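Visitor: I would like to see how this sequence folds:
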Amino acid sequence: MTAELEHPPGPTDLIVVGAGPKATAIAAKVHALNELELGQVSLLIVEEAESAASWLGANGMTSGEELLAISPLKDVGFPYETERLMGAAGQAIDGLLLEFSWTRYLIEQRRYARWLNAGSPPVRHGEYGRYLAWALARARNGVHVLRGRATELLLEREPEGWAVEVCRPTGTSWHRGRALVLTGSGVHRSLPHDPEAAPRVLHCDSHRDELERMSAGQERDVAIVGGGDGALACLMYLRTLPVRPKLTVYSPTPPVSRGESFLENRVFSDPDSVSWSSLDLTTRRAFIRHTDQGVFDAQMLSQIALEDRCTFVVGRVTHVAAAAHAVCVEYDAPGGPARARHDYVVNCTGFDLLGQVGRLFPQPTRALIEAQAGPVWDGRSGHELAFGPMLELEGLRPKLHMPGLAALSQGPGFANLGCLGLLSNRVLQPFLCQQAAVGREMQAA
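Guide: Model (predicted):
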């Protein structure tokens, strides 16, 4: 298992909050960098639950049974192009990262040939979560995992860095890092509703047992609000209940499936191939909307092609009103305002990472951040914030990396699983560039 650190000695180079795929990719790259003696980077990962908790089925709106929307071959090292930054040293790093690959994981499980012979089929979230936990456990050199909940984040000036308060059953402790990475999906976006309707309004991050209790062995009429993978994952799960409910999916635009040609995929793994940061905002927003936001996965959609108990309605839900033993969904349809009665509503309109992390910053720290980076918590979408090439909030020192919000600025793959290896390169760029410079100096000598 990955070493667990009670009290790290001195400040850490990098602190990551959350032990999901992004943290695992960074940990694997740190391990490789240290193993090859290309640097000595220290990394602390703070995780309240378990590694890959959101994927294993015990936390949030996934049962672990949903199909992964991308190939697991896009693992924590993908696209394995560190040589672009470091030359031969980058090739050595990527070679070592193969020890953390999906293929290596299956080989150790003695399931590689079976999976390949079956045509490399999609894998379920739970299996992907077990792969991430396996990979993180292999990242030992310079990597430490601290089990606890990050409760407060402070920006410090002398010396420059971040202080993270971690609450554990054994007590509370502070840990300091020179830079900070915030990961995770965030908290669900709000869906306006009457207070009396609250017991019948569930959310993307509701636990599965809440949805099972909603059914209670009876046939229900359930509305799902949202047009992306969260809504589709909820739909797929509700279809597995012993008594299938009648399902109505409300989305602001006609349902569309994700573009998956090699052209779209290339932009996810290599945004520089289209000079992403130089594209105008309208073009970038349109690409993300077409490929990643408010779109359904085509493979999962194929499973409900003949489903006669599922209806898709075009309309933006504006309010959920209380009704006798039910709720009334109010929405703006193409033909004007409309209403429909349902037993329950599941809010799958997405997550707000900025809203979640904002709770961790006390007001003085928020003021310090906004004094450097400009307005952050002013009600606008976090996706509108400007992020630099290292996926850091522009203008702020010390560095605050938020990959989940950097898609619009730096490339669509950074907000999901599209380029975890490139993501780790970007976050660790100061350390990698330093070693690349040393290597060039040695070659010149």
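Visitor: and this structure, what are its domains?
Guide: According to automatic domain parsing, the chain comprises the domains 12-187+352-444, 190-256+294-349.
Visitor: so which of those comes closest to Phe262?
Guide: domain 12-187+352-444 (12.7 Å; C-beta to C-beta). All C-beta atoms are positioned from the backbone trio N, CA, C, and that covers glycine.
Visitor: For the closest one, what is the distance to the chain centroid?
Guide: Offset of domain 12-187+352-444 from its chain centre (C-alpha atoms, centre = their mean, to the nearest Å): 10 Å.
Visitor: tell me the most buried of the domains of the chain?
Guide: Comparing the domains of the chain by mean neighbour count (mean count of other C-beta atoms under 10 Å), domain 12-187+352-444 ranks first with a mean of 19.
Visitor: same question for it, mean pLDDT?
Guide: What domain 12-187+352-444 shows for mean pLDDT is 90.
Visitor: go on, stretch 217-236?
Guide: pLDDT averaged over stretch 217-236 gives 84.
Visitor: next one: stretch 286-299
Guide: Mean predicted lDDT for stretch 286-299 stands at 75.
Visitor: For the remainder of this discussion, apply numbering that starts at 15.
Guide: Yes, from this point I'll number from 15; that puts the last item at stretch 300-313.
Visitor: And Leu382, how close does it get to Gly329?
Guide: 42 Å (C-beta to C-beta, to the nearest Å).
Visitor: for the closest residue in space to Trp391 that isn't next to it in sequence, what are its contacts?
Guide: Nearest residue to Trp391 in three dimensions, chain neighbours excluded: Gly372, at 5.2 Å (C-beta to C-beta, 6 or more residues apart in numbering). Gly372 makes contact with 380, 390-391 under the criterion C-beta atoms under 8 Å, 6 or more residues apart in numbering.
Visitor: cool, Val90 as well?
Guide: Val90 neighbours (C-beta under 8 Å, 6+ apart): 35, 38-39, 42, 111, 114-115, 146, 149, 434-435, 438.
Visitor: Pick the one among the residues you listed closest to Pro266.
Guide: When the contacts of Val90 are compared against Pro266 (criterion: C-beta to C-beta), the nearest one is Pro35, at 28.3 Å.
Visitor: Distance check, the closest one against Val90.
Guide: 7 Å.
Visitor: got it, and Gly402?
Guide: The value you get for Gly402 to Val90, if C-beta to C-beta is used, is 23 Å.
Visitor: Next: Pro173.
Guide: Taking C-beta to C-beta, one finds Pro173 at 31 Å from Val90.
Visitor: Same check on Ile383?
Guide: 29 Å.
Visitor: One more: Tyr145?
Guide: Taking C-beta to C-beta, one finds Tyr145 at 9 Å from Val90.
Visitor: now swap in Gly198 and tell me
Guide: For Gly198 relative to Val90 (C-beta to C-beta), the value is 17 Å.
Visitor: Ser204 too?
Guide: Ser204 is 33 Å from Val90, where distance means C-beta to C-beta.
Visitor: and stretch 97-107, how far apart are its ends?
Guide: Taking C-alpha to C-alpha, to the nearest Å, the first and last residues of stretch 97-107 lie 8 Å apart.
Visitor: for this structure, longest strand please?
Guide: Scanning the chain for the longest strand, with DSSP state E as the assignment, gives strand 185-196.
Visitor: Phi, psi for Glu166 please.
Guide: In terms of degrees, to the nearest 10, the main-chain angles of Glu166 are phi -160, psi 140.
Visitor: Quick one: residues contacting the spatially closest residue to it that is not a sequence neighbour.
Guide: In this structure, Glu166 finds its nearest non-sequential neighbour in Glu179, 4.0 Å apart by C-beta to C-beta, 6+ apart. For Glu179, the contacting residues are 164-168, 186-188, by C-beta under 8 Å, 6+ apart.
Visitor: got JSON lines for the residues you listed, with distance to Cys218 too?
Guide: Below are those laid out as JSON lines (distance: C-beta to C-beta, whole Å):
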{"residue": "Ala164", "distance to Cys218": "21"}
{"residue": "Thr165", "distance to Cys218": "23"}
{"residue": "Glu166", "distance to Cys218": "25"}
{"residue": "Leu167", "distance to Cys218": "24"}
{"residue": "Leu168", "distance to Cys218": "30"}
{"residue": "Thr186", "distance to Cys218": "30"}
{"residue": "Ser187", "distance to Cys218": "31"}
{"residue": "Trp188", "distance to Cys218": "32"}
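Visitor: out of these, who's nearest Ala153?
Guide: When the contacts of Glu179 are compared against Ala153 (criterion: C-beta to C-beta), the nearest one is Ala164, at 19.7 Å.
Visitor: before we move on, back to that, among the contacts of Glu179, which one sits closest to Met416?
Guide: Closest to Met416, out of all of the contacts of Glu179 and judged by C-beta to C-beta, is Leu167, at 11.9 Å.
Visitor: ok, now how distant is His217 from His45?
Guide: 36 Å.
Visitor: again, but for Ala245
Guide: 37 Å.
Visitor: And Gln377, by the same measure?
Guide: Gln377 is 37 Å from His45, by C-beta to C-beta.
Visitor: ok, back up a step: what lies in contact with the longest strand of the chain?
Guide: Residues contacting strand 185-196 (C-beta under 8 Å, 6+ apart): 20-22, 24-32, 36-37, 40, 58, 60, 160, 162, 165, 167, 170, 174-180, 367, 371, 406, 412-418, 441.
Visitor: Now do whichever helix or strand comes after it: which elements does it pack against?
Guide: Counting by DSSP states H and E, the next helix or strand C-terminal to strand 185-196 is strand 201-202. When contacts are defined as 3 or more C-beta pairs under 8 Å, 6 or more residues apart in numbering; DSSP states H and E, strand 201-202 packs onto strand 365-366.
Visitor: next structured bit after the strand it packs on?
Guide: Taking DSSP H and E, what comes next after strand 365-366 is helix 367-372.
Visitor: Could you look up the SS state of His45?
Guide: helix (DSSP: H, G, I helix; E, B strand; the rest coil).
Visitor: Also the one 3 residues further on?
Guide: The three-state label given to Asn48 by three-state DSSP is helix.
Visitor: and it, how far is that from Ala153?
Guide: Counting by C-beta to C-beta - Asn48 and Ala153 are separated by 10 Å.
Visitor: ok, now Leu431?
Guide: From Leu431 over to Ala153 (counting by C-beta to C-beta), the distance is 18 Å.
Visitor: likewise Thr296?
Guide: 40 Å.
Visitor: For Phe326, pull up the helix or strand it's in.
Guide: Here Phe326 is assigned to strand 324-328, by DSSP H and E.
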